[in-house]
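> what's the 3D shape of this:
(one chain, ligands or ions: 1)
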Amino acid sequence: MKHFTIETDKDGIALVTFNSPDVTMNVLSAEVLAEMVSWVEQIGSDEAVKGVVITSGRDNAFCAGAELSGLGNAMADLAKLPAEERNAKLYTELFKMNAALRALETCGKPVAAAINGLALGGGLEITLACHYRIAASDNTKMKLGLPEAMVGVLPGGGGTQRLPRLIGAMNAFDLMMQGKMITADKALALGVIHETAPGAELVEKAKAWVKANPDAKQPWDQEKFKIPGGGPYHPAGAQTFMGVAPMIRKNTYGNYPAQRYIMSCVYEGLQVDIDAGLRIECRYFTKLMQRPESRNMIRSLFLSKQSLDKGGARPAGQSSGEIKNVAVIGAGFMGAGVAYVSAMAGIEVALVDVDQAAAEKGKAFAAGELGKRVSRKKMDQAKADAILARITPTTDYTVMKDADLVVEAVFENRELKAKITKMAEEQMQETAVFGSNTSTLPITGLAEASKRPENFIGIHFFSPVHKMMLVELIVGEKTSDYAISRALDFVTKIRKTPIVVSDTRGFYANRCVMRYIGQGMALLAEGVTPALIENAARMAGMPVGPLSLQDEVAIDLGYKIIKQTEADLGPDALPMGATAPILIAMIEKHDRKGRKNSKGFYNYSKDGKKRLWDKLDQFAINGVLPEDEQPTPAYIKERILYAQAIEAARCMAEGIVQDPREADVGSILGWGFAPYTGGALSYIDTIGAVDFVKRADELAATSGEAFDVPDLLREMASKGESFYGRFGKDKKAA
Ligand code: NAD
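The predicted structure is shown next:
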């Protein structure tokens, strides 16, 4: 075997060690599964084997779960088959793991898992099919969980059946629905595992348990087994199920089938024996794997994101290098965040501001965040001290002599940024790269102040920096591939997801999110009630409503951008329809700046609660529509998602983004575009270009230029193309 070794000791205990070659972590691929099927059979039939201990040969992890790229490819192949044949084939393939694990737990020999490191998804499911689980108490990277639902799938290796039979439906839902990952101590407290011990002692302890328990059986295979907390028709158990259905609805608005199917697997599975339960689980798994949500979520949230996280957008011919030393100029809101995440990633940071006090204040932000981590026991004090010590607050520009990269985050002012660029470049080495965190100023223009414009790039962080995972790298006219590559080195090192976009007003994410806010304003102007707009937007899968979002980013910021755009490009270039007049009135007439002055589209009270402002009806041009003329939530959802997706398609058409993977991942991580769709372009691909264009044309006729599709999309519709078909892997937009 390639992935497992088996050594049987003098007592007849077979030690099965999972240790796949050439990968950083053990994962479950089709090949691994085939070997597992064969060793389960071998062990069951070998009389010399009296018991089994399963462990991993990796000190960091036991098994990280299924290899999703393999699963994705297999699905693509199956998609060509007729439905009935596809269902049958998929069910047979998917059931192999269930069959093997069921055979393992009923082989008549005691089986223990020595979980030496992280066990997630299918990794944890293997251990759940063991009679005893003992996990390392001294591995700081230890995590246990069933996170499948996070990428739109369900625990299909028996997890939905064994976990509730072990810890009760309520606790199992809690872990599975949100893909929670827990520590060994928490798993012990919940009853997911039986024991913890130092890593070095695991195998011996597991062997001792096997020796002492020759007749081991799973709880569910014992007579008089009762489901902890009660099954669906037990008076106590029924409460769980009554609660879970509305809870799922509240959290997912029916957009995420994985959560619903998990509920059905547990509800139906707990009413039958485990063998029938496993078949039920596999049937839902088969169905789920064919849903577009699963395909799209696996692709964007796992495969594409993982590839981008590793620097997948690096230009050809450029190799990766290390970023050890960074200077951040401007220790304000954004600069302080950049300094903190850089220090966390092991980078030495010089944090520069106009005076020492301002620089120190920026460092204090990192101290506060690290303090929170220590008090929540997520980090020890020594580590926090070491990270904080990496940040040197200063006013001295000569520190930039040592920097591999300089990130500028001073006020959004062209002249100031030009001055800073010159001052920094006087000190910087020739090979160092200068990145501007501007949110609105074109990079090509800013680079005019640079004597090395080829080393000048936009590094656009989102706020708050330590929470937002996306970073846009903005390529100016003269930005070199080398500069892109160094910026990628930086962003991947601080463990954020970089996408590479071209230089345009609003870049990619802000351009699209403006369309989201724009629809909020348009609907308000059309007389739709604000509560309906906000609720329907959340039902569409957006994290917050458009009015709420505008309050968060600050209305005065939107106002300033409107004024700047008007000054630069004239009144005709003003953003979309209703937006400008509403935002101008909010600032000039009402001084409502958003959350920052506790009044915007919402009123914010001191106890943290917010309520929609009751004077918003003034923005309904022809008055608020009577109740029976208010549009349906479905219509608002469509408007909101179409407007954003069309802007993303325009960005592809203009070459602002060139790879659908970057456009999709960027849309989810950058502005929270409904994750179940797999991103803005996957949303169009799933509807299909023909139907999408048809509906967009109808919306354009009634609701404005936001719905004018680019020629690219019309051409794709006429040729029956999709974004992934036309621009997928290695086929970048022109
Ligand atoms: P901020 O006002 O919080 O911080 C700016 C900092 O720059 C201040 O500490 C100021 O003292 C310092 N500064 C000013 N002149 C300086 C000089 N000559 N030398 C050194 N430091 C100087 O601003 P912010 O919100 O952190 O924004 C900074 C940049 O990031 C802007 O370009 C902004 O457009 C961009 N940005 C902001 C956000 C956001 O949400 N706030 C998001 C993305 C990008």
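> For this protein, what lies in contact range of the ligand?
Neighbours of the ligand within the chain, by CB under 6 Å from any ligand atom: 329-335, 352-354, 358, 409-412, 416, 420, 437-439, 461, 463. The C-beta positions use only the backbone N, C-alpha and C, and glycine is treated the same way.
> do that again at 5 Å, thanks
Within the chain, the positions adjacent to the ligand are 330-334, 353-354, 358, 409-410, 412, 437-439, 463 by CB under 5 Å from any ligand atom.
> closest to the ligand among those residues?
Among these, Gly332 lies closest to the ligand (CB to the nearest ligand atom), at 1.8 Å.
> low-scoring stretches of this structure, by residue?
For the chain, applying pLDDT under 70 flags the ranges 573-576, 729-734.
> the domain parsing of it - what is it?
As given by automatic domain parsing, the domain ranges for the chain are 4-290, 325-504, 510-727.
> Check the gap between Lys467 and Gln381 for me.
Distance, Lys467 to Gln381, using CB to CB, to the nearest Å: 23 Å.
> ok, back up a step: turn the domains of the chain into CSV, columns for mean neighbour count.
Putting the domains of the chain into CSV (neighbours: other CB atoms under 10 Å) gives the following:
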stretch, mean neighbour count
domain 4-290, 19
domain 325-504, 20
domain 510-727, 19
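> export the ones you listed to a markdown table and tack on distance to Arg314?
Below are these laid out as a markdown table (distance: least, CB to CB, whole Å):
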| stretch | distance to Arg314 |
| --- | --- |
| domain 4-290 | 19 |
| domain 325-504 | 5 |
| domain 510-727 | 12 |
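> thinking again about what came up before, can you flag which of the residues of the chain next to the ligand belong to helices?
Among these, the ones falling in helices (DSSP state H) are Phe333, Met334, Ala358.
> Can you give me the distance of the last one to Ala316?
Right, the one you point to is Ala358. Applying CB to CB, the value for Ala358 to Ala316 is 42 Å.
> and if you look at Met170?
With CB to CB as the criterion, Met170 and Ala316 are 52 Å apart.
> do Arg162 as well
In this view, Arg162 and Ala316 are 47 Å apart by CB to CB.
> swap in Ala236?
Relative to Ala316, Ala236 is positioned 61 Å away (CB to CB).
> likewise Glu430?
Taken as CB to CB, the span from Glu430 to Ala316 is 23 Å.
> Which parts of the stretch 551-700 of the chain are strands?
Listed in chain order, the strands of the stretch 551-700 of the chain (DSSP state E, counting those that start in this stretch) span 602-604, 610-612.
> how about those in JSON lines, adding distance to Ser300?
Below are the strands of the stretch 551-700 of the chain laid out as JSON lines (distance: least, CB to CB, whole Å):
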{"stretch": "strand 602-604", "distance to Ser300": "31"}
{"stretch": "strand 610-612", "distance to Ser300": "31"}
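> To Glu534, which of the ones you listed lies closest?
Comparison of these against Glu534 by CB to CB identifies strand 610-612 as nearest, at 7.3 Å.
> Adjacent strands (with direction) for the closest one?
Using DSSP bridges, the strands paired with strand 610-612 are strand 602-604 (antiparallel).
> Not counting sequence-adjacent ones, nearest residue to the spatially most central residue of the chain?
What sits nearest the mean C-alpha location of the chain, by CA atoms, centre = their mean, is Leu301, with 5.5 Å. Spatially, and ignoring its direct neighbours in sequence, Leu301 is nearest to Val151 (5.2 Å; CB to CB, 6 or more residues apart in numbering).
> dump the residue contacts of the one you found.
Leu68, Ser294, Met297, Ile298, Leu301, Phe302 (CB atoms under 8 Å, 6 or more residues apart in numbering).
> Quick check: end-to-end length of stretch 173-192?
13 Å (CA to CA, to the nearest Å).
> Just the C-alphas of stretch 67-81, formatted as PDB.
Coordinates of each C-alpha in stretch 67-81 appear next as PDB, following Å, rounded to 0.1, in the frame of the first residue of the first chain:
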ATOM      1  CA  GLU A  67      -9.600  15.700  -1.200                       C
ATOM      2  CA  LEU A  68     -12.100  18.100  -2.600                       C
ATOM      3  CA  SER A  69     -10.400  18.600  -5.900                       C
ATOM      4  CA  GLY A  70     -10.700  14.900  -6.700                       C
ATOM      5  CA  LEU A  71     -14.300  15.000  -5.700                       C
ATOM      6  CA  GLY A  72     -14.900  18.100  -7.900                       C
ATOM      7  CA  ASN A  73     -13.300  16.400 -10.900                       C
ATOM      8  CA  ALA A  74     -15.300  13.200 -10.400                       C
ATOM      9  CA  MET A  75     -18.400  15.300 -10.300                       C
ATOM     10  CA  ALA A  76     -17.500  17.000 -13.600                       C
ATOM     11  CA  ASP A  77     -17.100  13.600 -15.300                       C
ATOM     12  CA  LEU A  78     -20.400  12.300 -13.900                       C
ATOM     13  CA  ALA A  79     -22.200  15.400 -15.000                       C
ATOM     14  CA  LYS A  80     -22.200  14.000 -18.600                       C
ATOM     15  CA  LEU A  81     -24.300  11.000 -17.700                       C
END
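> Phi, psi for the nearest residue to Glu662 once chain neighbours are set aside please.
Leaving aside its sequence neighbours, Glu662 sits nearest to Ile499 (CB to CB, 6+ apart; 4.0 Å). Dihedral pair for Ile499: phi -130, psi 150, per degrees, to the nearest 10.
> Also the one 4 residues further on?
With angles defined as degrees, to the nearest 10, Asp503 sits at phi -80, psi 110.
> Wait, it touches Pro442, no?
Yes: with contact defined as CB atoms under 8 Å, Asp503 counts as touching Pro442 (5.3 Å).
> any residues in contact with both of the two?
The contact sets of Asp503 and Pro442 overlap at Gly476 (CB under 8 Å, 6+ apart).
> Mind telling me which residue of the stretch 601-734 of the chain is nearest the ligand?
Gly670 (11.1 Å).
> My read is that that residue contacts Leu470, right?
Yes: under the criterion of CB under 8 Å, Gly670 makes contact with Leu470 at 4.3 Å.
> Only alpha carbons, please: show stretch 474-481 as CSV.
Only the C-alpha atoms of stretch 474-481 are listed here, as CSV (Å, rounded to 0.1, in the frame of the first residue of the first chain):
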residue,chain,number,x,y,z
ILE,A,474,-3.9,47.0,-8.1
VAL,A,475,-1.7,47.0,-11.2
GLY,A,476,-0.9,50.4,-12.5
GLU,A,477,0.3,51.0,-16.1
LYS,A,478,3.9,50.6,-15.3
THR,A,479,3.7,48.1,-12.4
SER,A,480,6.0,45.2,-13.2
ASP,A,481,5.4,41.5,-12.7
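> what's near enough to touch Asp185?
Residues in contact with Asp185 (CB under 8 Å, 6+ apart) are Ser137, Thr196.
> how about a cut-off of 6 Å?
If you count contacts by CB atoms under 6 Å, 6 or more residues apart in numbering, Asp185 has none.
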